[in-house]
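>>> make a model of this:
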Amino acid sequence: MNEKQALSLRQAIELEHPGALSASCEALIARWHSLPPDKGTALRLAFLEWWSCSEPGFLTGLPEYDYSTSLFPELAAYLTSPAEIDTTVRFVLGWMSKSFPWCCGCGPTPWEAVGEKLWSEFQASGDLDLSGFSDESAYGVYFTHIYASTQQKPSADTID
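Model prediction:
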């Protein structure tokens, strides 16, 4: 039997190329299906699934989002389990599900409310450890930017 071995998380991330994330997505799906669940794979795969819905394919290189085959609900259930939920999960899932709830696998309900709850919990929890976003992957770059933009306070000069 010649079974293909799942790539490491690092190898899956290295498949990313701007505008061509489908190879990385496929590798993450293979990891999710063939290895024990892990938070890094679940967060990145949830992001790529959500991104394939929230951004056009010509920007991401991801296949068109398919609600009927989406892993997002399964990934979110794993990530929000008591053993896995933390500030990073609240930040990532909170942002995605409050920003584009219809891209979370089954339409806006219940994701809009889930997103608001997770985002509120993230904001109350304090600082986020940004080291999980430092690998220059699409996931890392996106959420580093989102975090920085949420930390900016309008200056007195910009308020009329």
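>>> switch to C-alpha atoms for all contacts and neighbour counts from now on
OK.
>>> wait, what's in contact with the residue nearest in space to the middle of the chain?
Central residue of the chain (C-alpha atoms, centre = their mean): residue 47, 2.4 Å from the mean position. For residue 47, the contact set (C-alpha atoms under 8 Å, 6 or more residues apart in numbering) comprises 96, 139.
>>> just the helices in the protein please.
9-14, 22-34, 39-54, 57-60, 72-79, 87-99, 111-125, 138-151 (DSSP state H).
>>> CSV for the ones you listed, including distance to residue 131 and mean pLDDT?
Output for those, formatted as CSV (distance: least, C-alpha to C-alpha, whole Å; pLDDT from 0 to 100):
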stretch, distance to residue 131, mean pLDDT
helix 9-14, 15, 83
helix 22-34, 20, 94
helix 39-54, 12, 95
helix 57-60, 24, 85
helix 72-79, 18, 95
helix 87-99, 10, 96
helix 111-125, 16, 93
helix 138-151, 9, 93
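>>> which one, of those helices, ends up nearest to residue 66?
Closest approach to residue 66 among the helices of the chain (C-alpha to C-alpha): helix 39-54, 8.3 Å.
>>> in contact with the residue nearest to residue 144 when sequence neighbours are not counted, which residues are there?
Counting by C-alpha to C-alpha, 6 or more residues apart in numbering, residue 144 lies nearest to residue 133, which is 6.3 Å off, once chain neighbours are set aside. Counting by C-alpha under 8 Å, 6+ apart, residue 133 touches 139-141, 143-144.
>>> of the residues you listed, keep whichever come out buried.
Buried positions within the contacts of residue 133, assessed by neighbour count (16 or more other C-alpha atoms under 10 Å), are 139-140, 143-144.
>>> residue 7 versus residue 23, what's the distance?
The gap separating residue 23 from residue 7 is 11 Å, by C-alpha to C-alpha, to the nearest Å.
>>> hmm, residue 22 is touching residue 62, no?
Yes - counting by C-alpha atoms under 8 Å, residue 22 touches residue 62, with 4.8 Å between them.
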